[in-house]
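**Q** model this:
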Amino acid sequence: MYSEVISGMTLGIGGMFVRVETDISPGLPMLSMVGYLASSVKEAGERVRTAVKNSGFILPASRITVNLSPADIRKDGAIFDLPIAVAILASMQLIHQEKLKDTLILGELGLSGDVKAVDGVLPVVHYAQKNGIRRVILPLDNMDEAGFVDDIEIIGVKWLGDLVGFLEKGEKDNIRYIKTSPYRRKEIFDEREGAAGIEEDMSDICGQESMKRGVMIAAAGFHNILMSGAAGSGKSMIAGRIPGIMPGLTYEECLELTKIYSISGLLRDKDGLIRKRPFRSPHHTATEIALIGGGVVPRPGEVSLADCGILFLDELPEYKKKVIECLRQPMEDRKILISRHHAAYEFPADFMLVAAMNPCPCGHYPDRRLCRCTDREINAYRNKISYPIMDRIDIRLEVKPVEYKDISKTSKGMTSAEMRDKVESARERQLYRYREAGFLFNSRLPQNRLEEFIKLTGEGERLLRNEFEKKKISARGYFRIKKLARTIADINDREDIQAEDVFEAMFFRNISDKGEENDG
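**A** Purely as a prediction, here's the structure:
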């Protein structure tokens, strides 16, 4: 007898339906599975056979054929175990086919018949809800994750036998049921903690007021930032404290971020929704695939795991040049597209780059009492960061060594809470300004809408024009200075962009008399 069950899989951070078709017909007893399957799916046959037996059901001595459709998309993972088992039981007439109408089923099976959590549930459930599915059956441990999708029934199961009893007899023992709604989601989302949770405070940083000001502006407008200076001057220390001043996530940002972490298998032991902006700090030995993403079945890389948050690259020139150059496209397009023969996978990569580097290999330049690097070594070290990468970085801070008078001060400047208040205030201005535009931060303002949202005073425009004509500022640099000036005006709590905002933007852009050089 033929039966069909709707299941699903991830495609990028989206989902797609996979139809599990099963047929039991006379022939030699065997379980045959087809449909462009990875080895992890082919192995499902033995898991399902044993789980069905240990749940109290006897498979017929017949030929069982299982097809996962569409056949031209590669299937991977254990997410299809439970739908395969349900489809076989339906073919055995132990579950009526009408009980499975408009129902999506996901889950891995243990040999005892227990239903185990799987990765990538949220994207699939979200896709299913948007395409007419009104009920989802999945592992009990995945319910918190799926519960943030609006207007859908979620049924969590722990054992295969319990699911059969629920579908056929309405037995609800060991079954958890919820009906999601926007009101339930809003109630849970509004109980979230602060977006970053301030654990280490900016007031711990001695001196370095320009650097603190720069990172506050960067956090307010989501601008990329590079800190260059002598070893021990506090670059890494301040970078680790940036999450404490970042603005909170919107629900849409939380949902997108949670999908990425769900696909990556990093959502276990969490409450179902990522509520804090991520801070990713890959080691400088990271490969291109680790940073950008990829694989036989593409998975998100560090640039996607840092979506809506911070990608911190410490000792930037220590990364392979090829790895650094891989950042060009995601820094511009804020997404990664990975093409395979049968499908294209798109992952978000809307991150804020925070990078740090020493001025030379030994870290002591320009103090020639300690620095023994030759000019050639220094130039080679700095030139690992190409002009196109530097041009995409809005704020370039030259960090000076901390002076004794700053270390000995009892008052150490603004706290993280005070800085975050300013950042949140600037963020509110941006949310209101771009409420109908489809983006959230000044740095994300498209070039073709720059004149609509950014208007300089006459003096500010003259200052920028003079700098553009005197120095080698690229067109990209010109637009980025205007966006940076817009953020500085927001931090200063004013709508009009003054000349002093433009001047400060050029200061943080670090334009030398020779133009926008790669001077770190």
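
**Q** which sections of the stretch 301-450 of the chain are below the confidence cut-off?
**A** 403-412 (pLDDT under 70).

**Q** now the strands for the stretch 401-520 of the chain?
**A** For the stretch 401-520 of the chain, no strands turn up when DSSP state E, counting those that start in this stretch is the criterion.

**Q** Now do the helices in it.
**A** 404-407, 416-433, 450-453, 458-470, 475-491, 499-509 (DSSP state H, counting those that start in this stretch).

**Q** Next, the buried residues of the longest one.
**A** Meaning helix 416-433. Within helix 416-433, the residues that qualify as buried by neighbour count (16 or more other Cβ atoms under 10 Å) are 416, 419, 420, 422, 423, 424, 426, 427, 429, 430, 433. Quick note: C-beta positions are derived from backbone N, CA and C, even for glycine.

**Q** related to what we said a few turns ago, can you convert the helices of the stretch 401-520 of the chain into CSV and add a column each for distance to residue 125?
**A** Shown next, in CSV, are the helices of the stretch 401-520 of the chain (distance: least, Cβ to Cβ, whole Å):
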stretch, distance to residue 125
helix 404-407, 52
helix 416-433, 28
helix 450-453, 36
helix 458-470, 49
helix 475-491, 37
helix 499-509, 43
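
**Q** Out of those, which is the most enclosed?
**A** Neighbour counts (mean count of other Cβ atoms under 10 Å) averaged over each of these peak at helix 475-491, with a mean of 22.

**Q** quick one: contacts of that helix?
**A** By Cβ atoms under 8 Å, 6 or more residues apart in numbering, the residues outside helix 475-491 that reach it are 216-217, 220-221, 223, 391-392, 394-395, 422-423, 425-426, 429-430, 442-443, 445, 447, 450, 453-454, 456, 460, 464, 468, 473, 495-498, 501-502, 504-506, 508-509, 511, 516.

**Q** circling back: can you convert the buried residues of helix 416-433 into TSV and add a column each for distance to residue 164?
**A** Below are the buried residues of helix 416-433 laid out as TSV (distance: Cβ to Cβ, whole Å):
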residue	distance to residue 164
416	54
419	57
420	52
422	58
423	53
424	51
426	56
427	51
429	56
430	53
433	55
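
**Q** Which two of those have the greatest separation?
**A** The most widely separated members of these are 416 and 433, with 25.4 Å between them, by Cβ to Cβ.

**Q** So which residue is smack in the middle of this protein?
**A** In the chain, the C-alpha nearest the mean C-alpha coordinate belongs to residue 307, at 3.1 Å (Cα atoms, centre = their mean).

**Q** Low-confidence ranges, the protein, go.
**A** In the chain, residues with pLDDT under 70: 181-199, 268-271, 403-412, 511-520.

**Q** all strands in the stretch 151-300 of the chain, in order from the N-terminus.
**A** Using DSSP E, counting those that start in this stretch, strands in the stretch 151-300 of the chain cover 153-157, 175-179, 225-229, 279-280, 293-294, 299-300.

**Q** looking at these, which is closest to residue 265?
**A** Among those, strand 299-300 sits nearest to residue 265 (Cβ to Cβ), with 8.8 Å.

**Q** which helices and strands does that closest one pack with?
**A** Contact partners of strand 299-300 among helices and strands, from 3 or more Cβ pairs under 8 Å, 6 or more residues apart in numbering; DSSP states H and E: helix 251-263.

**Q** Give the other helices and strands that the helix it packs on contacts.
**A** Against helix 251-263 (3+ Cβ pairs under 8 Å, 6+ apart) you get helix 121-130, helix 182-189, strand 299-300, helix 302-305, strand 344-348.

**Q** I'd like those laid out as CSV, including mean neighbour count and distance to residue 62.
**A** Listed next are the helices and strands packed on helix 251-263 as CSV, based on neighbours: other Cβ atoms under 10 Å; distance: least, Cβ to Cβ, whole Å:
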stretch, mean neighbour count, distance to residue 62
helix 121-130, 24, 31
helix 182-189, 13, 45
strand 299-300, 24, 38
helix 302-305, 25, 45
strand 344-348, 19, 38
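
**Q** Can I get these in a markdown table including distance to residue 30?
**A** Below are these laid out as a markdown table (distance: least, Cβ to Cβ, whole Å):
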| stretch | distance to residue 30 |
| --- | --- |
| helix 121-130 | 30 |
| helix 182-189 | 46 |
| strand 299-300 | 33 |
| helix 302-305 | 41 |
| strand 344-348 | 34 |
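
**Q** what about the longest strand in the protein?
**A** Taking DSSP state E as the criterion, the chain has its longest strand at strand 14-25.

**Q** for it, packing partners?
**A** strand 2-11, strand 63-69, helix 81-91, helix 121-130.

**Q** Could you dump those into JSON lines and include distance to residue 229?
**A** Formatted as JSON lines, these follow (distance: least, Cβ to Cβ, whole Å):
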{"stretch": "strand 2-11", "distance to residue 229": "42"}
{"stretch": "strand 63-69", "distance to residue 229": "55"}
{"stretch": "helix 81-91", "distance to residue 229": "54"}
{"stretch": "helix 121-130", "distance to residue 229": "41"}
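
**Q** Now do the same contact list for the closest residue to the residue nearest to the centre of the chain other than its chain neighbours.
**A** If the residues on either side of it in the chain are set aside, residue 307 comes closest to residue 348, at 4.6 Å by Cβ to Cβ, 6 or more residues apart in numbering. Residue 348 sits next to 13, 256, 260, 304, 307, 334, 335, 336 when contact means Cβ under 8 Å, 6+ apart.

**Q** same deal with residue 105?
**A** 5, 6, 7, 82, 83, 86, 136, 137, 138.

**Q** Could I get the contacting residues of the closest residue to it other than its chain neighbours?
**A** In space, and not counting its chain neighbours, residue 105 is closest to residue 83: 4.2 Å by Cβ to Cβ, 6+ apart. Contacts of residue 83 were listed using Cβ under 8 Å, 6+ apart, and they are 5, 6, 7, 20, 105, 106, 107.

**Q** rerun that using 6 Å as the cut-off
**A** By Cβ atoms under 6 Å, 6 or more residues apart in numbering, the residues touching residue 83 are 5, 7, 20, 105.

**Q** Widest-spaced pair of those?
**A** 20 and 105 (8.1 Å).

**Q** okay, and the common contacts of the two?
**A** 5, 7, 83.

**Q** now, which of those residues sits nearest residue 149?
**A** After measuring these against residue 149 - Cβ to Cβ - the closest member comes out as residue 7, at 16.4 Å.

**Q** Understood, closing this out.
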